[in-house]
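Undergrad: task: produce atomic coordinates for the following.
(one chain, ligands or ions: 1)
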Amino acid sequence: MSIEARFKLSYPGFTLDVDLSLPATGVTAVFGHSGSGKTTLLRAIAGLERVPGGRLVVDGEVWQDKDAFLPTHARPIGYVFQEASLFPHLSVRGNLDYGRRRRPASADFSSFDHIVELLGIAHLLDRKPDRLSGGERQRVAIARALLTSPRLLLMDEPLAALDHARKEEILPYLEQLHEELKIPLLYVSHAPDEVARLADYIVVMDNGRALASGPLTETLARLDLPIRLGEDAGVVLDAVVAEHDAKWHLAGVDFSGGRLWVRDKGIETGRHVRVRILARDVSLARAKVEGTSIVNAVAATVTAIGDDAHPALCLVRLDCGGQPLLARLTRRSAAALELAAGCAVWAQIKAVALVG
Ligand SMILES: Nc1ncnc2c1ncn2[C@@H]1O[C@H](COP(=O)(O)OP(=O)(O)OP(=O)(O)O)[C@@H](O)[C@H]1O
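TA: Here you go, the predicted model:
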């Protein structure tokens, strides 16, 4: 099952030109710089932009092609914008009821209480939107969108208007949603940390085109993308919490390439987590290095070496027990180590972030 989206649309000085096949499950991040066309793509999917010649098929159902155009109000979508657009005169409950009433008669009944609990807003039901924090407003907006029983959820930078603390407050709810949600979520963001935490699949937009589209881990490890991702180039790996070192407040997480030590966030042993490793935090050695402050070192094999944005630098892709890693080195270091595809190396990882 998939979402097929083909749109070509021109504004003065900008053309959106995409032909995408996206999974109809999980979270797909639509990632890219400001002005790359992320919102325009979402608006086309929502039917807010009428794109002649466009085609959109969601889970086998044609929403738009040369003979058909389902208007926005007839598309079973939930849309959450950067700023929560709640009705100011209605309480939270009134806003949620509005969503509930929009649910088609044929839709599965999604439990009001469950959605309210999932977003942690039960204690806010009688408040008016002007008495809510920005993060709370967004949680209500997400709950209202879910209550319409959408077949597709669209979120356009839902955290962009929030400060760091509010973002951190809402991200766990989005992660929980990710685990429970049975419908696909297209999540527009230009924040790599959000993408690392939430996405299963990524579409990288650049100047109206999809530069890349694929599963998160393998797409982030592509050597032609990091140049555009710059300082944020890196990979996201799946791992399992294996042990806790209470004395040093560290957790040992295992992935197929070995064990990594991360700051302990109190996540139970056995839980699946994601770790993010930036290319700039990985250095390489031909032999295992002793007497270093870097605690994380894993054996790896060089699979490819690619260009980086500056000619002094290169990106080295590694295979680490079947998982990809990227390292950003100077060309001089790569030459001194005589690196080439197939070389066995030790990857020393200066920073590993537990992202979910
Ligand atoms: N209605 C419109 N008329 C003319 N130009 C438009 C219109 N809507 C968007 N554009 C232009 O299309 C380009 C893409 O805009 P879009 O909002 O899709 O980008 P974005 O990737 O979502 O950016 P941001 O991250 O800043 O929201 C921009 O150059 C924008 O100025």
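
Undergrad: where exactly do the helices run in the chain?
TA: Per DSSP state H, the chain carries helices over the ranges 38-46, 92-101, 112-118, 134-147, 164-180, 192-198, 216-220, 226-229, 331-336.

Undergrad: those helices: which one's closest to the ligand?
TA: helix 38-46 (3.2 Å; CB to the nearest ligand atom). Every C-beta, even on glycine, is put in place using the N, C-alpha and C of the backbone.

Undergrad: output the contacting helices and strands for that closest one.
TA: Here helix 38-46 touches strand 2-11, strand 14-23, strand 27-32, strand 77-80, strand 152-156, strand 185-189, going by 3 or more CB pairs under 8 Å, 6 or more residues apart in numbering; DSSP states H and E.

Undergrad: now, of the ones you listed, which is deepest in the fold?
TA: strand 27-32 (a mean of 26; mean count of other CB atoms under 10 Å).

Undergrad: list of residues touching that strand?
TA: 22, 38, 41-42, 178, 181, 184-190, 192, 194-195, 198-206, 211, 216 (CB atoms under 8 Å, 6 or more residues apart in numbering).

Undergrad: quickly run through the sheet partners of it, with directions.
TA: strand 185-189 (parallel), strand 201-206 (parallel) (DSSP bridges).

Undergrad: now those strands in a markdown table, with distance to L9?
TA: Formatted as a markdown table, the strands paired with strand 27-32 follow (distance: least, CB to CB, whole Å):
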| stretch | distance to L9 |
| --- | --- |
| strand 185-189 | 16 |
| strand 201-206 | 13 |
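
Undergrad: turn the ones you listed into a markdown table, columns for distance to the ligand and mean pLDDT.
TA: Shown next, in a markdown table, are the strands paired with strand 27-32 (distance: least, CB to the nearest ligand atom, whole Å; pLDDT from 0 to 100):
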| stretch | distance to the ligand | mean pLDDT |
| --- | --- | --- |
| strand 185-189 | 6 | 95 |
| strand 201-206 | 6 | 94 |
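
Undergrad: of all the ones you listed, which lies closest to D67?
TA: strand 185-189 (24.6 Å; CB to CB).

Undergrad: list of residues touching the closest one?
TA: Under the contact criterion CB under 8 Å, 6+ apart, strand 185-189 has outside partners 3, 22, 26-31, 38-39, 42, 45, 152-160, 177-178, 194-195, 198-199.

Undergrad: the residues you listed also near the ligand: which ones?
TA: Restricting the contacts of strand 185-189 to those near the ligand by CB under 6 Å from any ligand atom leaves K38, T39.

Undergrad: what residues does the stretch 251-356 of the chain put near the ligand?
TA: So the stretch 251-356 of the chain never meets the ligand (CB under 6 Å from any ligand atom).

Undergrad: give me the below-cutoff pLDDT ranges for the stretch 101-250 of the chain.
TA: 104-110, 226-228 (pLDDT under 70).

Undergrad: from it, which residue is nearest to the ligand?
TA: H190 (5.3 Å).

Undergrad: next, count neighbours for that residue.
TA: 18 (other CB atoms under 10 Å).

Undergrad: can you pull the contacts of it?
TA: Counting by CB under 8 Å, 6+ apart, the residues that H190 touches are F31, G32, H33, S34, K38, E157, A160.
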